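S.K.: okay, predicted coordinates and the sequence, questions at the end:
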Amino acid sequence: MKQDIFIETPRLILRDWLPSDYEPYIALNADKEVMEFFPSVKTGVETTEQIARLSRQIKQQGYGFFAIERKDNSAFIGFTGLEHPGFEAEFTPCVEIGWRLSKENWGDGFATEAALACLDFGFNQLGLNEIYSFTAVPNIRSEKVMQRIGMRKAGYFDHPGIAEGHWLGEHVLYKLARPVLPEG
C-alpha cells in the first residue's frame, strides 16, 4: 500500500497511518507503562477511533500526529507530530508537538529525532511562529525530550480534561518560538 510520507530523518519515516499500524498501536495504547501518565489505557475501539481521527486531520490539514516507522526494520513504533489541543486554556488556541512511542523504542533518541524534525516542519514548512508542548508534571521522561529539542518552560496549568485533584491534573507547559535567522 502506498504511504504518504511527510518527514524523513536519518532513522525514521513520519507518515500517514496504515492498516498495519492498528495492531501495534492498540498494544501500545493498552500498555500500562506507556500510558502511565494518562488517566487510563485505551481500548482497541478507542485506539481505532483515534487512528481514524488522526488520519483525517492529516488529510485535512497536511499535518497532525504522524505514524513513526523505523527505516532499519520498517516497524511502526508510535507517533509524533503537531496538533491543535482539544481543550481551552490560557495558551490555546495553539499548535502542540507531542509523541508516544512503544517502550521497546525508548532510550534510543527516536522521540527527540522525530520531534526535532517536526519542529523544523512546523516552523519552515507550515510557517508557525510558536509551538507548545505539555505533559503531566510527574512525566519527567517526556519533559526531558522537550528540553532536548530546545523548548523552554513556560509555566504550569491544570489540565481541564482531568478531574480536579487527580495526581495527573497539574501539567508543565513548554514553548518554542520560531528561530530568528540573522539577516544578510
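M.R.: Everything's here; your move.
S.K.: please name the nearest non-neighbouring residue to Ala177.
M.R.: Glu130 (4.9 Å; C-beta to C-beta, 6 or more residues apart in numbering). Every C-beta, even on glycine, is put in place using the N, C-alpha and C of the backbone.
S.K.: show me the shaky parts of the chain.
M.R.: Confidence mapping of the chain against pLDDT under 70 gives the ranges 1-3, 181-184.
S.K.: in it, which spans are helices?
M.R.: For the chain, the helices defined by DSSP state H occupy 22-30, 44-61, 110-120, 140-148.
S.K.: give me the contacts around the last one.
M.R.: It stands for helix 140-148. 37, 99, 106, 111-112, 115, 133, 135, 172, 174 (C-beta atoms under 8 Å, 6 or more residues apart in numbering).
S.K.: with the third one instead?
M.R.: Residues lying outside helix 110-120 but in contact with it, judged by C-beta under 8 Å, 6+ apart, are 7-12, 14, 66, 68, 70, 77-78, 80-82, 97, 99, 101, 131, 145, 148-150, 176.
S.K.: picking up where we left off before, quick one: buried ones out of the contacts of helix 140-148?
M.R.: Among these, those buried by neighbour count (16 or more other C-beta atoms under 10 Å) are 37, 99, 111-112, 115, 133, 135, 172, 174.
S.K.: middle-most residue in this structure, spatially?
M.R.: Gly98 (2.1 Å; C-alpha atoms, centre = their mean).
S.K.: partners of it in the sheet?
M.R.: Beta bridges link Gly98 to Gly81, judged by DSSP bridges.
S.K.: tell me who's in contact with it.
M.R.: By C-beta under 8 Å, 6+ apart, the contact list for Gly98 reads 65, 79-81, 83, 133.
S.K.: which among the residues you listed gets closest to Val180?
M.R.: Ser133 (20.1 Å; C-beta to C-beta).
S.K.: gap between that closest one and Leu176?
M.R.: Distance from Ser133 to Leu176, counting by C-beta to C-beta, to the nearest Å: 8 Å.
S.K.: shared neighbours, those two?
M.R.: Met151.
S.K.: please tell me I have it right and Asp31 contacts Arg100.
M.R.: No - contact criterion C-beta atoms under 8 Å: Asp31 and Arg100 do not qualify, at 10.0 Å.
S.K.: which one of the two is surrounded by more residues?
M.R.: Arg100 (18 against 15; other C-beta atoms under 10 Å).
S.K.: ok, and what's touching stretch 22-39?
M.R.: The contact list for stretch 22-39, computed with C-beta under 8 Å, 6+ apart, reads 41-44, 46-48, 50-51, 67, 75-76, 78-79, 100-103, 135-136, 138-139, 142, 162, 166, 168.
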